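Q: sequence first, then the predicted structure:
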Amino acid sequence: MSAEEEFDVVVAGGGPGGSTVASFVAMQGHRVLLLEKEAFPRYQIGESLLPATVHGICGLLGVSAEIEKAGFVRKLGGTFRWGTSPEPWSFSFAISPRMAGPTSHAYQVERMKFDDILLKHARKVGVDVREQCAVAEVTEDAGRASGVVYTDSAGTRHEVAAKFVVDASGNKSRIHRAAGGERAYSDFFRNIALFGYFEGAKRLPEPRKGNIFCAAFDEGWFWYIPLSDRLTSVGAVVSREFAESVQGDSAEALSRLIVRCPRIADLLSDAERVTEGAYGEVRVRKDYSYRNSRFWRPGMVLVGDAACFVDPVFSSGVHLATYSALLAARSLNSVLAGEVDEERSFAEFEARYRHEYSLFYEFLVSFYDMNSDHESYFWQAKRVTNFADSELEAFVELVGGVASLDGAFVDVESARARFKHTAGELESSVSEVDRSGGDDATALYQSAIMGHVMEQGTQVQAHAVLGGELDAEDVFFPGGLLPSADGLRWVVPAE
Ligand code: FAD
């Protein structure tokens, strides 16, 4: 069999990871083919998003207005009945100056709708999207991945050549091994999830109505996610040692577990489980916490669940999928443009991706210690992130997905607007800005962007107003790279 077509990049999988990486590469003028096994819209779990995805990634993609228009439930934070505290405690994203104002929320999304918006957007920015096309294998030439073989809806096999193959085909990926590594399952997170959908369930009181609610009970914990006024996603995550509690009929097992968790039982007391359509099934997932030993090899890169995933309690899945997609796109774009060599470019991708994954992993290990209270969870967040400010802020930045200090997670437009608004004060000293009062100026002064900008002096401030890079970063490791001003490539820092 020989290649019928040639592309710069071929992406397997049209979930958030695949659509995002494909769009970011096509936006730089490269030829991208995306092959998706299913016909969209298709069901997927993973409905609670983080501000980093909604404002950072969706903003860079240029899809924020459509997401806003879709009418998803606004998520202002999370509420937990967790640890030693018998009463629920809550956090708001707005606590973090880096998510202040218009970026202080995320959404609870029906993935059928959210993923469809991202896939349609990929088409709009020039990606050749082909649904009902399943990638069967990765081809090789001279020690590097050179394309894929796929089967279309009529069952016909095709071979396409590409300079790079991206595996974004999720946790059931059949091709991740072509990157040369193995999937190592977590010994710590050996949980089983059981989930279904309810109509007519109660809501938390305002202003927490749109929060994700996580409630621990003896065998594990529940998520409770409001997807619309009528629809609620409810899932139980139980530890392997209680595997017998999820044996037998899944719907009956879910009902039994709900009774074991009084707060969830109360919220569902007037509700009925959906029994028809895409939401009519009680589904079971296990062995979903793992990481691959290799994230890339010459000619191939893994993003999202194809590479790694860790327990869903902090809703990090779509964040890790879309953030890794951005990192991979920067590497692909830089190599395709001939600006950075492949080894250096993908070493940057892998270091940043593994770091983000390990932040969540390490923090989650301590969060699963039910003998602690929320103050000690906040302290653990500060420890794993090395965050300089308060414990609570460290926690909120971590669970908002902005702890990695990537400039992409700042809403550049609103930051720039705020920056312009107070441009007069910026020429003065910090204390004058502080004294000028008003929420806007105070928020600006407190923000991490401003902290950094202030350090750099007025020249850098003027540069930011005129459209330069707002959130200049330090290199991640000696010899590392920095994101370009448009966020879509890497640049080699000046000596
Ligand atoms: P996916 O969304 O799985 O997309 C992969 C795509 O590839 C699919 O469309 C699939 O059809 C396609 N595909 C598969 N094989 C092929 C092939 N051979 N050829 C072509 N296409 C193929 N995340 C959150 O952010 N918030 C949550 O609240 C949350 N809750 C979760 C609860 C549970 C129990 C679990 C297990 C996960 C949860 N997640 C959550 C994680 C989330 O589901 C995933 O991390 C996220 O969907 C990963 O996106 P992705 O694009 O990598 O993969």
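A: In hand now; what should we look at?
Q: now stretch 96-106: average pLDDT?
A: Averaged over stretch 96-106, pLDDT sits at 82.
Q: can you map out the helices along the stretch 201-350 of the chain?
A: With DSSP state H, counting those that start in this stretch applied, the stretch 201-350 of the chain shows helices at 250-259, 262-267, 317-336, 342-367, listed in chain order.
Q: make CSV from these and add mean neighbour count, mean pLDDT and distance to the ligand to it.
A: Every residue, glycine included, has its C-beta placed from N, CA and C. CSV is the format used below for the helices of the stretch 201-350 of the chain (neighbours: other CB atoms under 10 Å; pLDDT from 0 to 100; distance: least, CB to the nearest ligand atom, whole Å):
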stretch, mean neighbour count, mean pLDDT, distance to the ligand
helix 250-259, 17, 96, 13
helix 262-267, 17, 97, 16
helix 317-336, 28, 97, 2
helix 342-367, 20, 93, 11
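Q: how about those, which one is nearest Gly155?
A: helix 317-336 (29.2 Å; CB to CB).
Q: tabulate the helices of the stretch 201-350 of the chain in JSON lines, adding columns for distance to Glu68.
A: Below are the helices of the stretch 201-350 of the chain laid out as JSON lines (distance: least, CB to CB, whole Å):
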{"stretch": "helix 250-259", "distance to Glu68": "33"}
{"stretch": "helix 262-267", "distance to Glu68": "28"}
{"stretch": "helix 317-336", "distance to Glu68": "17"}
{"stretch": "helix 342-367", "distance to Glu68": "26"}
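Q: report the central residue of this structure.
A: Most central in the chain under CA atoms, centre = their mean is His319, positioned 0.5 Å from the mean C-alpha point.
Q: let me see the contact set for the residue nearest to it when sequence neighbours are not counted.
A: If the residues on either side of it in the chain are set aside, His319 comes closest to Gly401, at 4.1 Å by CB to CB, 6 or more residues apart in numbering. The contact partners of Gly401, taken as CB atoms under 8 Å, 6 or more residues apart in numbering, are Leu50, Pro51, Ala52, Thr53, Gly56, Ser316, His319, Tyr323, Phe409.
Q: one more time with 6 Å
A: Leu50, Ala52, His319 (CB atoms under 6 Å, 6 or more residues apart in numbering).
Q: how about the stretch 351-495 of the chain: which residue is closest to the ligand?
A: Closest residue of the stretch 351-495 of the chain to the ligand, CB to the nearest ligand atom: Gly401 (9.1 Å).
Q: so which of the helices of the stretch 201-350 of the chain gets nearest Glu219?
A: Of all the helices of the stretch 201-350 of the chain, helix 250-259 comes closest under CB to CB, at 6.9 Å.
Q: helices or strands up against that closest one?
A: Judged by 3 or more CB pairs under 6 Å, 6 or more residues apart in numbering; DSSP states H and E, helix 250-259 is in contact with helix 262-267.
Q: 8 Å instead, please
A: Packing partners of helix 250-259 (3 or more CB pairs under 8 Å, 6 or more residues apart in numbering; DSSP states H and E): strand 191-199, strand 231-239, helix 262-267.
Q: now that helix against strand 191-199, angle please.
A: Interaxial angle of helix 250-259 relative to strand 191-199 (axes from the mean of the first three to the mean of the last three CA atoms, to 10 degrees): 90 degrees.
Q: perfect, that will be all.
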